[in-house]
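Novice: how would this look folded up:
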Amino acid sequence: MKRSAATVFATSLFALACVTQRGEEPAAVRVDESTFRRHLAALSTDEFEGRKPATRAEEKTVGYIRQQFEAAGLNPGKGATYYQSVPLVEITADPNIALTVTRGDDKLQFAYPGDTVVWTKRVVPSASIEQSELVFVGYGIVAPEYDWNDYAATEIKGKTAVILINDPGFVTQDPELFAGRAMTYHGRWTYKYEEAARQGAAGALIIHDTEPAAYGWDVVMSSWSGAQLDQVSADGNAGRVAIEGWISGETAEAVFKLAGRDLAALKAAAVKRDFKAVPLNVRASVAVNNAIRRSNSSNVVGILPGDKRPDEYVLYMAHWDHLGRSSATSADTIFNGAIDNATGVSGLITLAETFSHAQRKPERSIIFLAVTAEESGLLGSAYYADHPIYPLERTAAVINMDALYAGGPTRDVAVIGFGSSELEKYLSDAAEAQDRVLKPEPTPEKGYFYRSDQFNFAKKGVPALYSKLGIDDREHGAEWGKQQQDDFIAQRYHKPGDQYDASMDFRGSMQDLELFFAVGHRLSREKGWPNWLGDNEFRATRDASDDAR
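Specialist: Below is the predicted model of the structure:
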């Protein structure tokens, strides 16, 4: 039986205390806030048009990053070039879409994108489900390690799965059920579609609910409507379900009412291990017609060679892309993406300059990787992980920067996926020098570890660190700090309002950049290879790379 989240948490704390000798103090350094702000202000202007891949904005964006890497003294990261080409396919659905649900002579019709947002990942001119039986499959999870199978008692082939977001532990808050409040990968929307395809479903529709999804319906509309990017696959994604998508909570209520079912009661039943999928005895039809365009996007890669072990690596990463332009008619149609993630790219460039100018040079090589298409499903980092320029088994660590929040100095550092790897000991030592402590992320139910680019490296076994500014603000306290971060998610995340303002306070994130420098610089001078802790899901893969090293 899988150990409870509480047990893993306690074990991890002990392991972190034992994992490494304190050794030499992390390098003391100050990053240049004016450099960070200069790049942030530039990358988040309207000139960059929201930094959407495979548009004219990409050429401006990757060109800017390449120029800054070169100016910082980095060598090209892929032979003679700074670019790693990432093949993509862009699928744009005709917005004239309607989802129809029928029961006998009764019919409901739901509009796109207000009631439903659907698409196909199959690279085909059109895709549809026609009179497909809807089956409520609870959380749509098959997880033997948790003794859980939502599909065990149903035949879903050719039918459409209706699925709840997140996982049962979130609802029950039971630490013995999955990971309790913290989302597992089984709670992610990506997993829901993957599992439905493995089960042979024709379609998969996730019921939106703001709290367990961690974002509102407006984010669904802005993120999954319009042109959608995906990786190029040999079979054109023929193995995916024909129709993927979301239905709003209100749409779900209407569908379940038509089916004569109580959605609230079925949700309550779905958190129990003995739950069995429920045929709804209603049928759904929807068709999407696509325009298809193939293109190549770019990861931008620079390297600072190590002066003693240049064939060993520490990798810093941030995604450069955002959502581009809105199709809505409004005063502001550009998603500037200042916090998400012009801050991360600005931090990447600032750290490149800091390493280049440091008196003590790294012994291992330092890679600086700006990846594409994170907003489309972590595509650029997935491509690098599948086609690494530098061997992953010889990559000591990945440090990811995704959304450096504005705010003043804090007493804490929020670690995403807290208690996962030995890298947290390095971070803890560096934080101690700032009189700060590591704490678990305040919202583990949102599954942020699985929503950012380090996840693709973790799946390959590479220890990955993803942390953010804490919430315990030294001047205003923890409640105020959490309110500030919550306000960003509610008001500006994936909205045109995510813009840079010169009055923003970035003192806290400058401290975080100094932590990231200290961790990477220390790793670059050591000969050991950090690992995942305990029975972490990625440890076995890392252990298997020992022989290759």
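Novice: the strand or helix carrying Q67 - contacts with which helices or strands?
Specialist: Applying DSSP states H and E as the criterion places Q67 in helix 56-71. With contacts defined as 3 or more CB pairs under 8 Å, 6 or more residues apart in numbering; DSSP states H and E, helix 56-71 has these neighbours: helix 33-43, strand 278-304, helix 343-357, strand 364-371. For glycine as for every other residue, the C-beta is placed from the backbone atoms N, C-alpha and C.
Novice: how about a cut-off of 10 Å?
Specialist: With contacts taken as 3 or more CB pairs under 10 Å, 6 or more residues apart in numbering; DSSP states H and E, helix 56-71 sits against helix 33-43, strand 75-76, strand 83-93, strand 278-304, strand 324-325, helix 343-357, strand 364-371.
Novice: that helix to strand 83-93, inter-axis angle?
Specialist: If you take axes from the mean of the first three to the mean of the last three CA atoms, to 10 degrees, helix 56-71 sits at 160 degrees to strand 83-93.
Novice: buried residues in helix 56-71, which are they?
Specialist: Within helix 56-71, the residues that count as buried by 16 or more other CB atoms under 10 Å are 57-58, 61-62, 64-66, 68-69.
Novice: any chance of these in TSV, with pLDDT and distance to K425 too?
Specialist: Converted to TSV, the buried residues of helix 56-71 look like this (pLDDT from 0 to 100; distance: CB to CB, whole Å):
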residue	pLDDT	distance to K425
A57	95	40
E58	96	38
T61	98	35
V62	98	35
Y64	98	36
I65	98	31
R66	98	35
Q68	98	32
F69	98	30
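Novice: in the protein, where's the longest helix?
Specialist: Among the elements of the chain assigned as helix by DSSP state H, the one spanning the most residues is helix 507-525.
Novice: helices or strands up against the following helix or strand past that one?
Specialist: Sequence order places helix 539-543 as the next helix or strand after helix 507-525, per DSSP H and E. The contact analysis (3+ CB pairs under 10 Å, 6+ apart) places helix 539-543 against helix 454-459.
Novice: tell me the strands beside the very next helix or strand once past the helix it packs on, with direction?
Specialist: Counting by DSSP H and E, the next helix or strand C-terminal to helix 454-459 is strand 464-469. Next to strand 464-469 in the sheet, as set by DSSP bridges, lie strand 395-400 (parallel), strand 412-415 (antiparallel).
Novice: what's downstream of the helix or strand that E244 is a member of, the next helix or strand?
Specialist: In this structure, E244 sits in strand 243-247 according to DSSP H and E. Counting by DSSP H and E, the element after strand 243-247 in chain order, helix or strand, is helix 249-258.
Novice: got the buried residues for that following helix?
Specialist: Buried residues in helix 249-258 (16+ other CB under 10 Å): 251-252, 254-256, 258.
Novice: I'd like the distance between E363 and E393.
Specialist: Using CB to CB, to the nearest Å, E363 is found at 18 Å from E393.
Novice: how many neighbours does the closest residue to K272 other than its chain neighbours have?
Specialist: On the basis of CB to CB, 6 or more residues apart in numbering, the spatially nearest residue to K272 that is not a chain neighbour turns out to be P168, at 7.9 Å. As a burial measure, P168 scores 25 neighbours (other CB atoms under 10 Å).
Novice: swap in the one 3 residues further on?
Specialist: Other residues within reach of V171 by the criterion other CB under 10 Å amount to 19.
Novice: what does the one 10 residues further on give?
Specialist: Burial measure for R181: 17 neighbouring residues, criterion other CB under 10 Å.
Novice: can you check K107 too?
Specialist: 13.
Novice: list the contacts for it?
Specialist: Counting by CB atoms under 10 Å, 6 or more residues apart in numbering, K107 touches 100-101, 258, 282-283, 285.
Novice: before we move on, back to that, now the residue nearest to K272, what are its backbone angles?
Specialist: phi -60, psi -30 (degrees, to the nearest 10).
Novice: distance check, it against A201.
Specialist: As for P168, its distance to A201 is 20 Å (criterion: CB to CB).
Novice: can you check F110 too?
Specialist: Taking CB to CB, one finds F110 at 19 Å from A201.
Novice: again, but for D150
Specialist: From D150 to A201 the distance is 12 Å (CB to CB).
Novice: identify the contacts common to these two.
Specialist: Joint contacts of D150 and A201 (CB under 10 Å, 6+ apart) are 137, 140, 156, 161, 163, 195.
Novice: relative to strand 278-304, how tilted is the host helix or strand of the fourth one?
Specialist: Taking DSSP H and E as the criterion, A161 maps to strand 160-164. Relative orientation of strand 160-164 and strand 278-304, computed by the same axes, to 10 degrees: 70 degrees.
Novice: buried residues, strand 160-164. List them.
Specialist: By neighbour count with 16+ other CB under 10 Å, strand 160-164 contains the buried residues 160-164.
Novice: got the end-to-end distance for stretch 263-281?
Specialist: 14 Å (CA to CA, to the nearest Å).
Novice: and that stretch, what's its mean pLDDT?
Specialist: Mean per-residue pLDDT for stretch 263-281: 97.
Novice: now do stretch 31-50: distance to the chain's middle.
Specialist: Here stretch 31-50 is found 22 Å from its chain centre; the criterion is CA atoms, centre = their mean, to the nearest Å.
Novice: buried sites along it?
Specialist: 31, 35-37, 39-40, 43-44, 48-50.
Novice: end to end on that stretch, go ahead and measure it.
Specialist: 26 Å.
Novice: strand partners of the helix or strand containing Q131, parallel vs antiparallel please.
Specialist: Here Q131, judged by DSSP H and E, is contained in strand 126-136. Strand 126-136 has its sheet partners listed here by DSSP bridges as strand 160-164 (parallel), strand 278-304 (antiparallel).
Novice: quick one, what contacts G138?
Specialist: If you count contacts by CB under 10 Å, 6+ apart, then G138 has 148, 150-151, 161-164, 167-168, 266-267, 269-272, 275-278 around it.
Novice: list buried residues within those residues.
Specialist: If we count by 16+ other CB under 10 Å, the contacts of G138 have these buried: 148, 150-151, 161-164, 167-168, 266-267, 270-271, 275, 277-278.
Novice: contact partners for the closest residue in space to P442 that isn't next to it in sequence?
Specialist: Nearest residue to P442, sequence neighbours excluded (CB to CB, 6+ apart): I471, at 5.5 Å. I471 makes contact with 405, 407, 410-412, 414, 439, 441-443, 477-486, according to CB under 10 Å, 6+ apart.
Novice: at 6 Å instead, please
Specialist: 442, 478, 481-482 (CB atoms under 6 Å, 6 or more residues apart in numbering).
Novice: quick check: it is in a helix.
Specialist: No: I471 sits outside any helix when classified using DSSP: H, G, I helix; E, B strand; the rest coil, being coil.
Novice: distance of it from L404?
Specialist: For I471 relative to L404 (CB to CB), the value is 14 Å.
Novice: if we can go back for a sec, list of residues touching the strand holding A161?
Specialist: Strand 160-164 is contacted by residues 129, 132, 134-137, 139-140, 192, 196, 201-207, 284 when judged by CB under 6 Å, 6+ apart.
Novice: looking at the contacts of K107, which is nearest F517?
Specialist: The shortest approach to F517 among these belongs to V101, at 54.4 Å (CB to CB).
Novice: what pLDDT does the model give the closest one?
Specialist: On the pLDDT scale, V101 is placed at 98.
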